[in-house]
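J.: Next input, structure requested:
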Amino acid sequence: MSLSDLKALLDQVSDTRELVLRRNAAHDAIWNEAYVAWSDAHVEAEDAYLAWKRGGGQPAYLIYRAAQDREDAAQDALAAFT
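T.: Okay, the predicted model is just below:
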């Protein structure tokens, strides 16, 4: 599957504005959903960065940049939440 095929496929998926978190924020009263979303995005961006640094080439770099963009957006949401 080419990148353009993947983009076309993803463009067909409707945005439900739902946030899927890796862990339940309700278990710890200190954490809120905005923090958990940022934390998950941060871990994902770090993993993508390390994969790119291991020699992933342009596709791995694009995955890293997308993950970094999600982390930035989650950080902005966290800042607005507090």
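J.: which residues in this structure form helices?
T.: Taking DSSP state H as the test, the helices found in the chain are 3-11, 33-53, 57-81.
J.: mind giving me CSV with these and columns for mean pLDDT?
T.: Output for the helices of the chain, formatted as CSV (pLDDT from 0 to 100):
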stretch, mean pLDDT
helix 3-11, 77
helix 33-53, 92
helix 57-81, 91
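J.: and those helices as TSV, adding mean neighbour count?
T.: Any C-beta I mention is one placed from the backbone N, CA and C, and that applies to glycine too. Formatted as TSV, the helices of the chain follow (neighbours: other Cβ atoms under 10 Å):
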stretch	mean neighbour count
helix 3-11	9
helix 33-53	17
helix 57-81	15
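J.: Restricting to C-alpha, output stretch 57-76 in PDB.
T.: Taking C-alpha atoms only, stretch 57-76 is exported to PDB below (Å, rounded to 0.1, in the frame of the first residue of the first chain):
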ATOM      1  CA  GLY A  57      14.400   6.500   6.700                       C
ATOM      2  CA  GLN A  58      11.700   8.800   5.500                       C
ATOM      3  CA  PRO A  59       8.600   6.700   6.400                       C
ATOM      4  CA  ALA A  60       9.900   6.400  10.000                       C
ATOM      5  CA  TYR A  61      10.600  10.200  10.100                       C
ATOM      6  CA  LEU A  62       7.100  11.000   8.900                       C
ATOM      7  CA  ILE A  63       5.600   8.700  11.600                       C
ATOM      8  CA  TYR A  64       7.800  10.400  14.200                       C
ATOM      9  CA  ARG A  65       6.700  13.900  13.000                       C
ATOM     10  CA  ALA A  66       3.000  12.900  13.100                       C
ATOM     11  CA  ALA A  67       3.500  11.500  16.700                       C
ATOM     12  CA  GLN A  68       5.300  14.700  17.700                       C
ATOM     13  CA  ASP A  69       2.400  16.800  16.300                       C
ATOM     14  CA  ARG A  70       0.000  14.700  18.400                       C
ATOM     15  CA  GLU A  71       2.100  15.300  21.500                       C
ATOM     16  CA  ASP A  72       2.200  19.000  20.800                       C
ATOM     17  CA  ALA A  73      -1.600  19.200  20.400                       C
ATOM     18  CA  ALA A  74      -2.000  17.200  23.600                       C
ATOM     19  CA  GLN A  75       0.400  19.500  25.500                       C
ATOM     20  CA  ASP A  76      -1.600  22.500  24.300                       C
END
